[in-house]
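Peer 1: Have a look at this prediction, sequence included:
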Amino acid sequence: MILDKVFPPDPRVENEAISLISAGHEVFLFCLTYNKKQFESELINKIQVKRYRSNKFEYKLSALAYTLPFYTNLMAKKIAKFLKNNAIEVLHIHDIRIAGAVFQVNNKMKLPLVLDLHDNLPEIMKLYPHLQKIPGKYLISPKKWKHKEEAFINKATKIITVSEEFKSEVQKRTSIDDSKIVVVPNTVRNSFYEDYNIDHSIIKKYEDTFVVLYLGDTGLRRGLQTAIEAMVFLKEKISNVKLVIVGSNSMDKILIDQVKDLKLEAYVDFEGWQNIGLFPSYIMASSVCISPLHRNIQHDVAYANKLFQYMSFAKPVLVSNATAQKNLIEKVKSGLVHEERNAVDFTQKVLDLYTNQSLSKELGVNGKQFIENEFCWEKTSKKLIELYNSLTI
């Protein structure tokens, strides 16, 4: 496996590696480290982690991976060393930033290659703040990244996407055969909702509160401005309501300023980023769990992992009408859907769940049953194992 980030944490990479190891494979993980004191080689959950030194300069060059060749050439040298030292038989690339380097090295080795598309990265890039201003606006071309992604998709042996909607979007763009691409969604391991510790201080803190909970990255495209705006109306209808945000992003000042401008400090808690071990406690303390994503090409084809975390604890979810999550929630009947960026619609859907406790409970139970019976990692990862069983080595 090739990852151009530090490890841990990366739940998807870890889940896939552990499943492949359980199926009898050996997994070697190429990753980066910026810490001179960190072990270069380490065994984590039987994953043979091999760390290669990087630095801030290389990190900044990664944004120019498909503008200039420097990052690709630097990574190619490290990857070649990794492959030589570990007698690798199959390559598994996590996302496209480092894919150019892997394909460069593999031109000689001709190993089977699996391209794992965690996100529609060229579309997400369009929303990055540094691409909205000079010099990023002119140096980094999402269009060029998309062309590279399509070339990689056609050259790879197998493709993995995270949703049926993403799979359809990729096939429409590239016309690849259906047998070449499989869906392995970001679901939760059953240990997340079966083997956890409760932080009673969190439960006590919110015991008399109607908590509207958000977990995860708080970038503006995640839609939290809509949820904050809705609190202006909700506090008039639900006296004990509170929006609890567990996560962080470099754009958080905008959210914090919005809360101050609307005089909502008493109704919004910014908890910052928390260890995933605390997520079950926050979810258990909540009444409604949200994913108010803005609609765009990426969000329309991807599920947020938080949805499955929410549902695994039988909590009703409120999601925006971004296509993939809308389709899922309506199919499972595990929550309600609001129009993206519409604080009035968001407010009404929260009130529907607040005033109809039997509906709220029913939706939560439906979600939990779906996770337990169909959509936990132990079940959805079978497609990953089947993919590797189909490879000819």
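Peer 2: That came in fine, so what should we check first?
Peer 1: residues in contact with the most far-flung residue of the chain relative to its centre?
Peer 2: Distance from the C-alpha centroid of the chain peaks at residue 236, with 33.9 Å (C-alpha atoms, centre = their mean). Residues near residue 236 by C-beta atoms under 8 Å, 6 or more residues apart in numbering: none. (Glycine included, C-beta is placed from N, CA and C.)
Peer 1: what about it, helix or strand, and which?
Peer 2: helix 224-237 (DSSP states H and E).
Peer 1: in that helix, what counts as buried?
Peer 2: Neighbour counts over helix 224-237 (16 or more other C-beta atoms under 10 Å) mark 224-231, 233-235 as buried.
Peer 1: now whatever helix or strand comes next after that helix: mean pLDDT?
Peer 2: Moving toward the C-terminus from helix 224-237, the next helix or strand (DSSP H and E) is strand 241-246. For strand 241-246, the mean per-residue pLDDT is 98.
Peer 1: helices and strands around strand 241-246, which ones?
Peer 2: In terms of contacts (3 or more C-beta pairs under 8 Å, 6 or more residues apart in numbering; DSSP states H and E), strand 241-246 is packed against strand 210-215, helix 224-237, strand 268-270, helix 279-284.
Peer 1: if we go to 6 Å?
Peer 2: Applying 3 or more C-beta pairs under 6 Å, 6 or more residues apart in numbering; DSSP states H and E, we find strand 241-246 packed against strand 210-215, helix 224-237, strand 268-270.
Peer 1: Export that strand to PDB, keeping only CA atoms.
Peer 2: The C-alpha coordinates for strand 241-246 follow below in PDB (Å, rounded to 0.1, in the frame of the first residue of the first chain):
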ATOM      1  CA  VAL A 241     -31.200  22.900  22.200                       C
ATOM      2  CA  LYS A 242     -27.500  23.000  21.500                       C
ATOM      3  CA  LEU A 243     -25.400  22.500  18.400                       C
ATOM      4  CA  VAL A 244     -22.300  20.500  19.400                       C
ATOM      5  CA  ILE A 245     -19.400  20.500  16.800                       C
ATOM      6  CA  VAL A 246     -16.700  17.900  17.300                       C
END
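Peer 1: strands paired with it, and their directions?
Peer 2: Partner strands and pairing direction for strand 241-246 (DSSP bridges) are strand 210-215 (parallel), strand 268-270 (parallel).
Peer 1: Show me which residues of the lengthiest helix in the chain are buried.
Peer 2: Looking across the chain with DSSP state H, the single longest helix is helix 70-86. By neighbour count on 16+ other C-beta under 10 Å, the buried set for helix 70-86 is 71-72, 74-76, 78-80, 82-83.
Peer 1: Could you dump the buried residues of helix 224-237 into CSV and include distance to residue 174?
Peer 2: Formatted as CSV, these follow (distance: C-beta to C-beta, whole Å):
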residue, distance to residue 174
224, 34
225, 35
226, 34
227, 36
228, 39
229, 39
230, 39
231, 43
233, 45
234, 44
235, 48
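Peer 1: Quick one: low-confidence residue ranges for the protein.
Peer 2: 392-393 (pLDDT under 70).
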